[in-house]
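Visitor: Sequence plus the predicted model coming up.
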Amino acid sequence: MKRLGKIKTLAVASLAAVAVAAPLAIAQTGQGGQDNQAPRAERRGGRGGGHRGGHRGGFGFRGIELTEDQQARLQQLRQSFGERTKTLREQLRANRQELRQSEEGNTFNEALATQKLTEAAALQAKLMGEHFRLRQESLAVLTPEQRTQLEQRREQRKQKREQRKQRRGANRGNGEMF
């Protein structure tokens with residue numbers, strides 16, 4: 001089982017490297033002039049587009065007033081994203097199932113596990129690239145004023161996170177558990 005841990009660590013490290021490189025490469029190949037800051041995906045009811053936690057594949061703009069046209073364009077982008085990534089998501093699901101099968105029984109097939117983890121990293125990188133593309137296309141729907149509002153909200157959330165982090169750090173210094 002130690003070998004499986006090493007393989008998983010290697011896979012995670014590879015995926016992290018690809019996760020950093022893929023968006024940068026995409027940004028440099030034609031998205032250079034656009035705002036690369038992305039809003040947090042807004043929670044919506046249900047599970048849509050195969051995303052966990054109710055994310056629907058688009059990047060919701062909570063608190064930003066959108067016109068009906070903008071809402072329709074964003075919906076169209078989300079649908080297009082779902083269609084573009086359906087095959088990728090299915091391949092990842094099948095890959096994970098095959099990886100689970102490599103763990104079954106008393107024997108461990110290290111070669112199969114390594115192969116499946118490598119394939120999964122490549123598929124995940126492609127999916128992350130599509131997420132980045134969707135984010136950029138979604139931001140392009142907004143007006144400059146809406147982007148400014150979005151950036152202000154993002155900064156406010158960042159400041160609140162920092163304040164919570166500082167409070168937690170101060171509480172730990174006092175010997176408190178939580």
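Guide: Cool, the structure landed. Residues are numbered from 1 along each chain as shown.
Visitor: what about stretch 119-129, average pLDDT?
Guide: If you average the pLDDT over stretch 119-129, you get 96.
Visitor: mind listing what's buried in it?
Guide: Neighbour counts over stretch 119-129 (16 or more other CB atoms under 10 Å) mark E119, A120, A121, L123, Q124, A125, K126, L127, M128, G129 as buried. C-beta: built from backbone N, CA, C; applies to glycine.
Visitor: Spatially, which two of those are the most separated?
Guide: Farthest apart among the buried residues of stretch 119-129 by CB to CB are E119 and G129. That separation is 16.0 Å.
Visitor: Narrow the buried residues of stretch 119-129 to those in helices?
Guide: Using DSSP state H, the members of the buried residues of stretch 119-129 that fall in helices are E119, A120, A121, L123, Q124, A125, K126, L127, M128, G129.
Visitor: Distance across stretch 100-111, terminal residue to terminal residue?
Guide: 13 Å (CA to CA, to the nearest Å).
Visitor: That stretch - what's its average pLDDT?
Guide: Taken as a whole, stretch 100-111 has an average pLDDT of 79.
Visitor: Return the member of the buried residues of stretch 119-129 nearest to Q159.
Guide: Nearest to Q159 out of the buried residues of stretch 119-129 is M128 (CB to CB; 27.3 Å).
Visitor: State the distance from that closest one to L150.
Guide: Distance from M128 to L150, counting by CB to CB, to the nearest Å: 21 Å.
Visitor: same check, this time on Q163
Guide: The spacing between Q163 and L150, counted by CB to CB, is 21 Å.
Visitor: Same drill for these two, tell me which one is more crowded.
Guide: Each of Q163 and L150 had its neighbours counted (other CB atoms under 10 Å), and the higher figure belongs to L150 (22 against 10).
Visitor: so that one is in which element?
Guide: helix 144-173 (DSSP states H and E).
Visitor: for that helix, packing partners?
Guide: Packing contacts for helix 144-173, counted by 3 or more CB pairs under 8 Å, 6 or more residues apart in numbering; DSSP states H and E, involve no helix or strand.
Visitor: List the buried residues in that helix.
Guide: Quick answer for helix 144-173 (16+ other CB under 10 Å): Q146, R147, Q149, L150, R153.
Visitor: Setting aside sequence neighbours, what's the nearest residue to the third one?
Guide: Nearest residue to Q149 in three dimensions, chain neighbours excluded: I64, at 5.6 Å (CB to CB, 6 or more residues apart in numbering).
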